[in-house]
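Student: okay, here's the prediction I keep looking at, along with the sequence it came from:
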There are 2 protein chains.
Amino acid sequence: MSAEPGTVRPGGRTARVRAAVLRAAGDVLAEQGFAHLDLADVARRAEVGKTTVYRRWGSVTGLVADLLAEMAEESLPRTETGGVLGDLRANARLVRGTLADPRQGALFRAVIAAATGDGRTAEALRRFYEVRVAEWAPCVEQGVARGELPVGTDASEVVRAVSAPLYYTLLTTGVAPGVAAADRAAEAAVAAARAGVFVVRA
Amino acid sequence: MSAEPGTVRPGGRTARVRAAVLRAAGDVLAEQGFAHLDLADVARRAEVGKTTVYRRWGSVTGLVADLLAEMAEESLPRTETGGVLGDLRANARLVRGTLADPRQGALFRAVIAAATGDGRTAEALRRFYEVRVAEWAPCVEQGVARGELPVGTDASEVVRAVSAPLYYTLLTTGVAPGVAAADRAAEAAVAAARAGVFVVRA
């Protein structure tokens, strides 16, 4: 995984093996949960040699960490609508769509559940959200620059405030939030930001 | 558990057995997680006959459901400060204190993780939050009556909006939110409510 630049062609064998293994791992997580994830089973599903999987990922938690890294890499770039509410509504709908998708939603629930009991998965999950929050934070920074939000607003906090109610609904009720809830999450975060709630206190 | 009124003295043997068994179940959940919960082990820890535990709770999920029911019964009543922001700040600090408590925080993470893979636990968790939200919703209703929040504000949605960022932080970073984050959660929910975000659309 720490190949020198140029030694791995994009779309080459190494990349194909990784894609197949991570797809198989994601399938098992979504269908059966973290407790059923097993390297030999994943190798079989991915039609990849068991030795390759053991050598490259080492453990179930190594596999989940790499899956989260790939999900962060592959995530959609942020939307620019010209206004902070439009941008964050797009973000909320994207997050909602992921959580409401049968495979993706089950996968996130499985990984979040696994993270409660496993430090390495927790760390990989934390990094995943850091990448996603950093991708969307400029929407808020531009909102501040345009005068829509107060100077000093913590952009990352606002982005997290959009996601929070959507994850909370899924995790405490088992039901993914609807589109209206996504729009409300964006509106609530923007209203709080406008009121100065997310301004960093010196 | 469906004893006739009067047949079970409060503080009598049945109540003592329940308290001991649920305390033991909570200890195992907090220390080792849902996967390690075992009725025979709980009976041993609680110093209660195995047959009693099997007869009364039936299964691990039955035990977790009753533990959540007890936690809802025992939860602290809402605080009344005379203003909606003060009330919801008290709520946010209570939720934060629970999540930051080593035993209670671990217990909630274990139960939320279990709920992602088990329907009965998910249903018990959903009921737990329903009870808690119903306990605190009058703070918001009084805020509406006092003219602090717009008429038509969905009180339950506001209470959930206070909890959401606190749970989100714990579940996605593994670290319990601090007191400042709790206060910010209450301020954000009130700012959004004031802006009309939680007014029910006809």
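Tutor: Everything's here; your move. As the structure is a computational prediction, the values presented were derived from the model and not from experiment.
Student: may I see the buried residues of the longest helix along chain A?
Tutor: Identified as the longest helix of chain A according to DSSP state H is helix A:119-145. By 16 or more other CB atoms under 10 Å in any protein chain shown, the buried positions in helix A:119-145 come out as A:121-125, A:128-129, A:132-133, A:135-137, A:139-140, A:142-144. Backbone N, C-alpha and C define where each C-beta goes, glycine included.
Student: these two touch, right, A:Leu149 and A:Gln142?
Tutor: No: A:Leu149 is not in contact with A:Gln142 according to CB atoms under 8 Å; the separation is 9.5 Å.
Student: shared neighbours of the two, anything?
Tutor: Contact criterion CB atoms under 8 Å, 6 or more residues apart in numbering or on different chains; residues bridging A:Leu149 and A:Gln142 by contacting each: A:Val84.
Student: residue ranges for the helices of chain A, please.
Tutor: Under the criterion DSSP H, helices of chain A are mapped to A:13-32, A:39-46, A:50-57, A:60-74, A:84-100, A:102-115, A:119-145, A:155-173, A:179-194.
Student: tell me what angle the first one forms with helix A:39-46.
Tutor: Spelled out, it's helix A:13-32. Helix A:13-32 and helix A:39-46 are oriented at 110 degrees to each other (axes from the mean of the first three to the mean of the last three CA atoms, to 10 degrees).
Student: go on, the last one?
Tutor: When the same axes, to 10 degrees is applied, the directions of helix A:179-194 and helix A:39-46 differ by 120 degrees.
Student: how about helix A:179-194, does it reach chain B?
Tutor: Yes: counting by CB under 8 Å from any CB of the partner chain, chain B has neighbours in helix A:179-194: A:184, A:187-189, A:191-192, A:194.
Student: which of the residues you listed has the most neighbours?
Tutor: Most neighbours among those, by other CB atoms under 10 Å in any protein chain shown: A:Ala189, with 33 neighbours.
Student: list the contacts of that one.
Tutor: By CB under 8 Å, 6+ apart, A:Ala189 lies in contact with A:88, A:158, A:161-162, B:188, B:192.
Student: can you tell me the closest non-neighbouring residue to it?
Tutor: A:Ala161 (4.0 Å; CB to CB, 6 or more residues apart in numbering or on different chains).
Student: from what I see, that neighbour and A:Ala186 are in contact.
Tutor: No: between A:Ala161 and A:Ala186 there is no contact, the gap being 9.4 Å when judged by CB under 8 Å.
Student: low-scoring stretches of chain A, by residue?
Tutor: In the predicted model of chain A, residues A:1-10, A:202 satisfy pLDDT under 70.
Student: for it, what lies in contact range of chain B?
Tutor: A:33, A:35, A:109-110, A:112-117, A:119, A:122, A:125-126, A:129, A:157, A:160-161, A:163-165, A:167-169, A:171-174, A:184, A:187-189, A:191-192, A:194-195, A:197-198.
Student: now do the domain split for chain A, please.
Tutor: Using automatic domain parsing, the domains assigned to chain A come out as A:12-71, A:78-194.
Student: of those, flag the one that's most buried.
Tutor: Of all those, domain A:78-194 has the most neighbours on average by mean count of other CB atoms under 10 Å in any protein chain shown, namely a mean of 20.
Student: and the end-to-end length of it?
Tutor: One end of domain A:78-194 to the other measures 21 Å (CA to CA, to the nearest Å).
Student: cool, and stretch A:71-91?
Tutor: Termini of stretch A:71-91 sit 16 Å apart (CA to CA).
Student: just stretch A:140-152 next, same as before
Tutor: Terminal residues of stretch A:140-152 are spaced 11 Å apart (CA to CA).
Student: list the contacts of it.
Tutor: A:80, A:83-85, A:87-88, A:153, A:155, A:158-159, A:190, A:193-194, A:196, A:199-200.
Student: looking at the residues you listed, which is nearest B:Val21?
Tutor: Among these, A:Val159 lies closest to B:Val21 (CB to CB), at 43.5 Å.
Student: my guess is that closest one contacts A:Ala90, does it?
Tutor: No: contact criterion CB under 8 Å: A:Val159 and A:Ala90 do not qualify, at 11.9 Å.
Student: picking that back up, so the longest helix of chain A versus helix B:155-173, what angle?
Tutor: Computed by the same axes, to 10 degrees, the angle between helix A:119-145 and helix B:155-173 is 120 degrees.
Student: tell me the angle of helix A:119-145 relative to helix A:102-115?
Tutor: Put simply, helix A:119-145 runs at 120 degrees to helix A:102-115, going by the same axes, to 10 degrees.
Student: next, the angle helix A:60-74 makes with helix A:119-145.
Tutor: Using the same axes, to 10 degrees: helix A:119-145 against helix A:60-74 is 20 degrees.
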